[in-house]
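Peer 1: fold the stuff below for me.
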Amino acid sequence: MAAMKGANAYARVGVESGVNSASPHKLIVMLFDGALAAIRAARIHIEAGNTAEKGKSINKALDIVSGGLAPALDAERGGEIAANLASLYDYIARQLLAANLRNDVARLDEAERLLGDIASAWREIEPQAQAAGG
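Peer 2: Below you'll find the predicted structure:
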């Protein structure tokens with residue numbers, strides 16, 4: 001038990017260190033990675049019939065999408081792209097809520113696919129962001 005607590009503390013320090021040293025671009029990548037991992041975990045929990053853990057995983061994904069990714073949008077500088085992403089994040093959140101309510105793996109798949117597409121595009125702009133000094 002003590003070893004597990006130590007391992008969890010070590011992992012937490014590693015995550016916190018990664019967050020503290022990450023660029024703004026990398027922080028968004030980390031949010032995408034966390035949301036996608038939570039969706040994959042939720043799928044496993046649905047298939048295993050583990051309702052409580054499914055709910056926790058979907059709530060984690062929802063928190064990341066609605067509390068991390070969506071608020072990070074800059075409507076002023078992002079214009080139409082930011083508005084479209086905000087609508088997409090809202091749609092993804094609704095898919096996650098429906099998946100949770102109905103144990104619907106297809107809705108999880110849709111949310112994962114959409115987030116994966118956005119994450120992939122975000123990763124592709126990283127070298128350009130670094131070259132521009134951001």
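Peer 1: the nearest residue to residue 54 once chain neighbours are set aside: what secondary structure?
Peer 2: Once flanking residues are discounted, residue 54 sits nearest to residue 45: 3.7 Å by CB to CB, 6 or more residues apart in numbering. No exception for glycine: its C-beta is placed from N, CA and C like everyone else's. Secondary structure, DSSP: H, G, I helix; E, B strand; the rest coil: residue 45 is helix.
Peer 1: how about the helices in the chain?
Peer 2: 2-21, 24-48, 51-64, 70-72, 75-102, 105-131 (DSSP state H).
Peer 1: picking that back up, what is the neighbour count of the residue nearest to residue 54?
Peer 2: Number of residues near residue 45 (other CB atoms under 10 Å) recorded here: 19.
Peer 1: one step back: and the helices of the chain as TSV, adding mean pLDDT?
Peer 2: Converted to TSV, the helices of the chain look like this (pLDDT from 0 to 100):
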stretch	mean pLDDT
helix 2-21	46
helix 24-48	95
helix 51-64	97
helix 70-72	95
helix 75-102	96
helix 105-131	88
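Peer 1: residues near the closest residue to residue 107 other than its chain neighbours, how many?
Peer 2: With sequence-adjacent residues excluded and distances taken as CB to CB, 6+ apart, residue 107 is closest to residue 99, at 3.8 Å. Residue 99: 25 surrounding residues under other CB under 10 Å.
Peer 1: same thing with residue 103?
Peer 2: With other CB under 10 Å as criterion, residue 103 counts 15.
Peer 1: that one contacts residue 46, doesn't it?
Peer 2: Yes: Residue 103 lies in contact with residue 46 (CB atoms under 8 Å); the separation is 5.1 Å.
Peer 1: who touches both of those two?
Peer 2: With CB atoms under 8 Å, 6 or more residues apart in numbering applied, the overlap between the contact sets of residue 103 and residue 46 consists of residue 54.
Peer 1: which ones are touching residue 57?
Peer 2: Residues in contact with residue 57 (CB under 8 Å, 6+ apart) are 38-39, 41-42, 45.
Peer 1: between these, which is nearest residue 125?
Peer 2: Of all the contacts of residue 57, residue 39 has the smallest distance to residue 125: 22.6 Å, by CB to CB.
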